[in-house]
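Chemist: predicted model, plus sequence, below.
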Amino acid sequence: MKRVLAKMATVSAAALTMTLIPLAGTSYAAGCYGAGCDNLGPVSQSCDGDAVTKATAYADGSLKAELRWSPACQAAWVRVTDPSGPNAWWPKYGYIEKWSGHGSGFLRSLQVTFPDPGSDWSNMLGGSSYYYRVCIKDSGTNHVDCSTFW
């Protein structure tokens, strides 16, 4: 009887261990979906893994703002890149806009400051039934460059 109980305990312990240790290459589910992703981070919610660039805005020859979209999360964000560092004394921002229509019905925006140099990203805005675009704003001149709507 002791041998049977010992074997059962060993099998139970092995099964428990296997459920607690993820296998290599295991993908984890996204932490949010659609409008539930609003103002959450794409990396912290595991939405960055399947993201694709849907539109891009450029300014000052080297600044880039990309509209990133995660099909799994049904959410978008702006990723900004400045490869050469600042070329002005005032900050520049990348931001994403969420619209209910194509150029009408503005709903919300989120922004991120361009790094000095490097890349950074905003939090997300979610929902597949909306229109999105990304823009670059020069806070010194108020000049704005935007991508097309997607």
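Modeler: Nice, I can see it.
Chemist: C-alpha only now, for contacts and for neighbours.
Modeler: OK.
Chemist: what sits against the residue nearest in space to the middle of the chain?
Modeler: In the chain, the centroid-proximal residue (Cα atoms, centre = their mean) is P42; its distance is 3.3 Å. Contacts for P42 (Cα atoms under 8 Å, 6 or more residues apart in numbering) come out as 48, 77, 123-124.
Chemist: also G85?
Modeler: By Cα under 8 Å, 6+ apart, the contact set of G85 is 115-118.
Chemist: at 7 Å what do you get?
Modeler: 116-117 (Cα atoms under 7 Å, 6 or more residues apart in numbering).
Chemist: and it, which of the three is it?
Modeler: G85 falls in the coil class when you classify it by DSSP: H, G, I helix; E, B strand; the rest coil.
Chemist: just the one 10 residues further on next, same as before
Modeler: Three states are possible here, and by three-state DSSP the one that applies to Y95 is strand.
Chemist: please enumerate the strands of the chain.
Modeler: 52-59, 63-70, 75-82, 92-99, 106-113, 118-121, 125-126, 131-138, 144-146 (DSSP state E).
Chemist: W90: how many residues sit nearby?
Modeler: 10 (other Cα atoms under 10 Å).
Chemist: ok, it - contacts?
Modeler: W90 touches 139-140, counting by Cα under 7 Å, 6+ apart.
Chemist: for it, give me the pLDDT.
Modeler: W90 is assigned 82 on the pLDDT scale.
Chemist: look up how far K137 lies from it.
Modeler: 11 Å (Cα to Cα, to the nearest Å).
Chemist: any shared contact partners between these two?
Modeler: With Cα under 7 Å, 6+ apart as the test, W90 and K137 reach no residue in common.
Chemist: which one of the strands of the chain has the most crowded surroundings?
Modeler: Mean neighbour counts were compared across these using mean count of other Cα atoms under 10 Å; the top stretch is strand 75-82, at a mean of 28.
Chemist: using CSV, list the CA coordinates for that strand.
Modeler: Output of strand 75-82 as CSV, limited to C-alpha atoms (Å, rounded to 0.1, in the frame of the first residue of the first chain):
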residue,chain,number,x,y,z
ALA,A,75,-5.3,48.0,-30.5
ALA,A,76,-3.0,50.6,-31.9
TRP,A,77,-0.2,52.9,-30.6
VAL,A,78,2.5,55.2,-31.9
ARG,A,79,6.1,54.2,-31.9
VAL,A,80,8.5,57.2,-32.3
THR,A,81,12.1,57.1,-33.5
ASP,A,82,14.8,59.7,-33.6
